[in-house]
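Asker: Sharing a model that was predicted from the sequence below.
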Amino acid sequence: MDVTKESLISAVNETLRQLQVNTLDLLLLSVPSNNYDQFKEVWAALEGYAKSGALESIGVSDFDLAEFDKLYEAASVKPSVNQVNLESCCVIPPELSDFAKKNNVQLLTHNDPRTMLEPESVADILKSADLACLEPETCTVAWLVRYSAMVKLRGVVKSRGFIFSIHQKK
């Protein structure tokens, strides 16, 4: 799944629409390559949403210190969160922890798989959406958002799920 400016805009707009809200508290960007030069247009689009108030804060997943530092220095809206996968490390590197403290960045952990929507799941979705005429091999996940909706100031999960877009390969 390639992350493009267009796919990010589609994902944010559709998530706001589906959840029937005007603002998301936090959006964490997970990209196949954490090379800032390869996704700076995507980050700029995220910054636009943050500046407009549609996103209260923005962050990333699975960036090491060098990658995160490059993004942090280049960003006009600084990432406020770096989510680290516990599968890749069992302890957050001290240098990353020090950087986060110094720059008021939250470090969160997760243990999500790198592939959130397996081909078998795509086949099940196509079948349940009465799109069985499309073969999973001919479809691709354009974007995927995993969300948790919380009751504000209570820490209670109201709902959680996935919003995604599947396109037929060209």
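Answerer: Received, thanks.

Asker: Can you tell me which residue is spatially central in this protein?
Answerer: Leu29 (3.3 Å; C-alpha atoms, centre = their mean).

Asker: Quick one: residues contacting that residue.
Answerer: Counting by C-beta atoms under 8 Å, 6 or more residues apart in numbering, Leu29 touches 3, 8, 39, 42-43, 46, 58-61. Glycine gets a C-beta too; all of them are placed from N, C-alpha and C.

Asker: Work out for me the element Trp78 sits within.
Answerer: Check again: residue 78 is Lys, not Trp. Using DSSP states H and E, Lys78 is not contained in any helix or strand.

Asker: is it true that it touches Phe68?
Answerer: No. With contact defined as C-beta atoms under 8 Å, Lys78 does not count as touching Phe68 (10.5 Å).

Asker: Just the element for Trp143, please.
Answerer: Per DSSP H and E: strand 139-151 holds Trp143.

Asker: That strand packs against which elements?
Answerer: helix 5-19, helix 119-128, strand 156-168 (3 or more C-beta pairs under 8 Å, 6 or more residues apart in numbering; DSSP states H and E).

Asker: picking that back up, per-residue confidence for the residue nearest to the centre of the chain?
Answerer: Looking at Leu29, its pLDDT is 88.

Asker: Name whatever forms a beta bridge with it.
Answerer: For Leu29, the beta-bridge partners are Val60 (DSSP bridges).

Asker: I'd like to know how far it sits from Val3.
Answerer: Counting by C-beta to C-beta, to the nearest Å, the separation of Leu29 from Val3 is 7 Å.

Asker: what touches both of those two?
Answerer: Common neighbours of Leu29 and Val3, counting by C-beta under 8 Å, 6+ apart, are 39, 42.

Asker: The lowest-mean-pLDDT helix or strand in the chain to strand 139-151, inter-axis angle?
Answerer: Every helix and strand in the chain was compared by mean pLDDT, DSSP states H and E; the lowest is helix 119-128, with a mean of 71. Angle, helix 119-128 to strand 139-151, by axes from the mean of the first three to the mean of the last three C-alpha atoms, to 10 degrees: 90 degrees.

Asker: I am finished for the moment; much appreciated.
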